[in-house]
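Student: Fold the following, please.
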Amino acid sequence: MKRLFLFIPLVVFIALGALFWKGLTLDPTELPTALLNKPVPTFSLPALAAEDGLLTQESLKGKPALLNVWATWCPTCKEEHAQLNKIAREEGVTIYGINYKDERAAANDWLARYSNPYVLNIYDEAGSLGLDLGVYGAPETYVLDANGIIRYRHVGAVDQAVWEQLRSIMKQVSEPSQQEGAG
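Tutor: Numbers count the residues shown, from 1 in each chain. Below you'll find the model as predicted:
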């Protein structure tokens, strides 16, 4: 019986080693979302630029787009902002913004200073839309198809390498066979 107890630490060590080995193969920026292949949650929030203009999930339909969660208090958002401007300007990609838990005046000043890549910007002062999307923090970027269905989620900054991946996904969701299946 005592010999059996001698093997318990070895078994525990092997099990922990296997778990740690598995953890090394995981991508920390790949967080699952329950909303994959589902529509953007229902919302009615003001536009960042105009307090009286309400935006809804219907505002995000029409063509494939990126939906970017950002804030002025987020240093990584500033880091990715030049890349988003480049994507919008040089490639004509539609980018929608969600200004997350921020101050309206600061956000509008920030966009005036650093340029505005967004076709429209949702002002999510309380973070309610972010909560419904399952946002962990800014920045996060979603690929939407033309029907407003979430096809992919990226957590973290969009740099050139990430953009190459997002571009490929956007190309896939732009194909007619993908749109028919989105129903």
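
Student: Would you mind giving the secondary structure of the most centrally placed residue in the chain?
Tutor: Centroid check for the chain by C-alpha atoms, centre = their mean gives Thr141 as the closest residue, at 2.3 Å. What DSSP: H, G, I helix; E, B strand; the rest coil gives for Thr141 is strand.

Student: ok, so what distance separates it from Asp109?
Tutor: Distance from Thr141 to Asp109, counting by C-beta to C-beta, to the nearest Å: 23 Å. Glycine gets a C-beta too; all of them are placed from N, C-alpha and C.

Student: quick one on the thing from earlier: could you verify my assumption that the residue nearest to the centre of the chain touches Thr76?
Tutor: No - Thr141 is beyond contact range of Thr76, at 11.4 Å (criterion: C-beta atoms under 8 Å).

Student: Name the residues of the host helix or strand of Ser168 that come out as buried.
Tutor: In this structure, Ser168 sits in helix 160-174 according to DSSP states H and E. Across helix 160-174, burial judged by 16 or more other C-beta atoms under 10 Å covers Val162, Trp163, Leu166, Ile169, Met170, Val173.

Student: From the rest of the structure, what touches it?
Tutor: Contact with helix 160-174 is made by 64, 66, 83, 87, 91, 93, 141, 143-146, 151-152, 154, 156, 158, 178-179, as judged by C-beta atoms under 8 Å, 6 or more residues apart in numbering.

Student: Quick one: buried ones out of those?
Tutor: For the contacts of helix 160-174, buried by 16+ other C-beta under 10 Å: 64, 66, 83, 87, 93, 141, 143-146, 151-152, 154, 156, 158, 178.

Student: Out of the residues you listed, name the ones that lie in strands.
Tutor: Counted as lying in strands by DSSP state E, out of those, are Leu66, Thr141, Val143, Leu144, Arg151, Tyr152, His154.

Student: Can you redo those residues as CSV, where the extra columns are pLDDT and distance to Leu16?
Tutor: Shown next, in CSV, are these (pLDDT from 0 to 100; distance: C-beta to C-beta, whole Å):
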residue, pLDDT, distance to Leu16
Leu66, 98, 40
Thr141, 97, 35
Val143, 97, 37
Leu144, 97, 41
Arg151, 96, 37
Tyr152, 96, 33
His154, 95, 31
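
Student: what about the strands in the protein?
Tutor: Secondary structure of the chain (DSSP E): strands located at 44-46, 54-56, 65-70, 95-100, 120-124, 140-144, 150-155.

Student: Break down this structure into its helices, ranges please.
Tutor: For the chain, applying DSSP state H gives helices covering 2-24, 75-91, 104-114, 128-133, 160-174, 176-182.
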